[in-house]
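*Asks:* Sequence and computational prediction follow.
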Amino acid sequence: MRRRRFILGAVLICVLGAIAWYVIPRATRHRGPAWLSSAPTQQTPDAHAPDGVRIKVEVLNATRTTGLARRATLHLRGRGFDVVETGTSRDTRDSTLVIDRSNHPAWARLVATALGGAAVQSQPDSSHYVDVTVLVGASWRPPTQPFHP
């Protein structure tokens, strides 16, 4: 009798393990791991550069975080903006600022929306040869990307 219970328990554990091994990876395949889905996520609006319009953007890192301008550049280029210059600002900022340089405030607002929301100022300057300048602040977080080894 004791031997039957032991065998029955072992078989039950094996069956439950096989079900878990089969079901769990398929349930999390599209959502990602459970610990990621419970974390708050930053929703970036799906703002893209208009077709047939070349919006030249300058991205400056206004923080002490290395590589933040590069991440913002990749993010904006992925949305069709033409980032022609990146660099580091002399001043540091807490929040991101988008500056309209070419009297196209709609373009500056579009860039600000693509970055997840930012303040927009108008400072026309024809010597910059860009339409928009972005000063990436410390509060900006690049959107999360899936890990592909």
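*Replies:* Structure's in. What do you need? Every value quoted in this text rests on a predicted model; they were computed, and no experiment measured them.
*Asks:* which element follows the worst-scoring helix or strand of the chain on mean pLDDT toward the C-terminus?
*Replies:* The helix or strand of the chain with the lowest confidence, counting by mean pLDDT, DSSP states H and E, is helix 34-37 at a mean of 44. Sequence order places strand 56-61 as the next helix or strand after helix 34-37, per DSSP states H and E.
*Asks:* if I look at the closest residue to Ser95 other than its chain neighbours, how far off is Phe6?
*Replies:* Distances taken as C-beta to C-beta, 6 or more residues apart in numbering place Gly137 nearest to Ser95, at 4.3 Å, with adjacent residues excluded. (Each C-beta comes from the backbone N, C-alpha and C, glycine too.) In this view, Gly137 and Phe6 are 64 Å apart by C-beta to C-beta, to the nearest Å.
*Asks:* neighbour count winner among the two?
*Replies:* Gly137 (20 against 10; other C-beta atoms under 10 Å).
*Asks:* I'd say the more buried one and Asp91 touch.
*Replies:* No. Contact criterion C-beta atoms under 8 Å: Gly137 and Asp91 do not qualify, at 10.5 Å.
*Asks:* Find residues that contact each of these two.
*Replies:* Counting by C-beta atoms under 8 Å, 6 or more residues apart in numbering, the contacts common to Gly137 and Asp91 are Ala62.
*Asks:* before we move on, back to that, what sits against the residue nearest to Ser95?
*Replies:* 62-63, 93-97, 118.
*Asks:* Among those, which ones are in strands?
*Replies:* Among the contacts of Gly137, DSSP state E puts Leu97 in strands.
*Asks:* Need the max-distance pair from the contacts of Gly137.
*Replies:* Comparing every pair within these by C-beta to C-beta identifies Thr63 and Ala118 as the most remote, at 13.6 Å.
*Asks:* coming back round to it: pick out whichever of the contacts of Gly137 sits closest to Arg2.
*Replies:* Nearest to Arg2 among these is Thr63, at 67.5 Å by C-beta to C-beta.
*Asks:* ok, now how distant is that closest one from Cys14?
*Replies:* For Thr63, the distance to Cys14 equals 54 Å [C-beta to C-beta].
*Asks:* So which of the two has more stuff around it?
*Replies:* In terms of neighbours (other C-beta under 10 Å), Thr63 is the more surrounded of Thr63 and Cys14; the figures are 20 against 10.
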